[in-house]
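Colleague: A predicted structure for the sequence below; I have some questions about it.
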Amino acid sequence: MDYYTKLSLYQEAGVREYWIIDPIKQTVLVYGMEQAEAPIIYLLTDTIKANIYDHLEIDFSKLQF
């Protein structure tokens, strides 16, 4: 429930990208707020590019949770 409440509030506030990291499921949900699409689901072993920045990628396989 908290995810959807925040998602709505962030959309209203103009947030362009919203990431939800779930260490239990080992996933990262990335909502591109400027597109009306479903979130992209990544694994915590993936390298994920932040779509709102040209040169920012995060290699989650190198992080500890």
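Modeller: That came in fine, so what should we check first?
Colleague: all helices of the chain, in order?
Modeller: Under the criterion DSSP state H, the chain contains helices at 2-13.
Colleague: find the centremost residue of it, please.
Modeller: Most central in the chain under Cα atoms, centre = their mean is residue 19, positioned 2.1 Å from the mean C-alpha point.
Colleague: wait, that one sits on residue 33?
Modeller: No: taking contacts as Cβ atoms under 8 Å, residue 19 lies outside contact range of residue 33: 11.1 Å. Where C-beta positions appear, they are placed from N, C-alpha and C, glycine not excepted.
Colleague: which residues does the residue nearest to the centre of the chain bridge with?
Modeller: Beta bridges link residue 19 to residue 30 when assigned by DSSP bridges.
Colleague: can you report how many residues neighbour residue 50?
Modeller: Using other Cβ atoms under 10 Å, residue 50 has 14 neighbouring residues.
Colleague: I misspoke; the intended subject was residue 33.
Modeller: 16.
Colleague: what's the distance between residue 51 and residue 5?
Modeller: Residue 51 sits at a distance of 23 Å from residue 5 (criterion: Cβ to Cβ, to the nearest Å).
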